[in-house]
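[1] Here's a sequence, model it:
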Amino acid sequence: MADENLGNPVPATPEAKPAPESRIGIEEFARVEMRVGQVLEAARVEGSRKLIRMRVDIGSEVRQVVAGIAGAYEPADLLNRKIILVANLKPAKLMGIVSDGMILAATDGERPVLATFAENVPNGSLLK
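    Here you go, the predicted structure:
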């Protein structure tokens, strides 16, 4: 008999199940370019309680990214951390600062939890 609970995953909450109309095709998903990045610099954004400005090495270039994670992370704790960056979003301005990408995080209640790696992965590696 096959084990349907491989690895004993945490049961999904009712809101975690996507509605059929919100599902996307593989072609649409393939358009999202997610890359491994390494945080080189991090600092709180002056005048904001939530925002941290980071410089992230994604292999081929270094990007400036602004993320609303200051309530959960100190800038010094982010240095050298490997993260996942959505690299093909159009740049956006947050509090007058250009953010050229989006860092992926889960939410634990209101607290963001960065998506990261258990093993070392080269900067710029593409996630599939």
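[2] For the most centrally placed residue in the chain, which residues are in contact?
    Nearest to the centroid of the C-alpha atoms of the chain, with distances taken as C-alpha atoms, centre = their mean, sits L104, at 1.5 Å. Residues in contact with L104, defined by C-beta atoms under 8 Å, 6 or more residues apart in numbering, are M34, I83, I84, L85, V86, L114, A115. Placement of C-beta: from N, CA and C, glycine included.
[3] Kindly write the ChimeraX command that selects the buried subset of the residues you listed.
    The following ChimeraX command selects only the buried members of those, with burial defined by 16 or more other C-beta atoms under 10 Å:
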select :34,83,84,85,114
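[4] Turn the contacts of L104 into TSV, columns for distance to V98 and secondary structure.
    Conversion of the contacts of L104 to TSV gives the following (distance: C-beta to C-beta, whole Å; DSSP: H, G, I helix; E, B strand; the rest coil):
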residue	distance to V98	secondary structure
M34	20	strand
I83	18	strand
I84	20	strand
L85	15	strand
V86	15	strand
L114	21	strand
A115	23	coil
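[5] Could you check how far R23 is from M95?
    From R23 across to M95, the span is 34 Å (C-beta to C-beta, to the nearest Å).
[6] Name the residue in these two with the higher neighbour count.
    Between R23 and M95, M95 has the larger neighbour count (other C-beta atoms under 10 Å), namely 13 against 9.
[7] so who does that one touch?
    Taking C-beta under 8 Å, 6+ apart as the definition of contact, the neighbours of M95 are V45, G47, S48, L51, V66.
[8] And the closest residue to A115 other than its chain neighbours, what's its pLDDT?
    Leaving aside its chain neighbours, A115 sits nearest to L104 (4.3 Å; criterion: C-beta to C-beta, 6 or more residues apart in numbering). For L104, the pLDDT comes out at 97.
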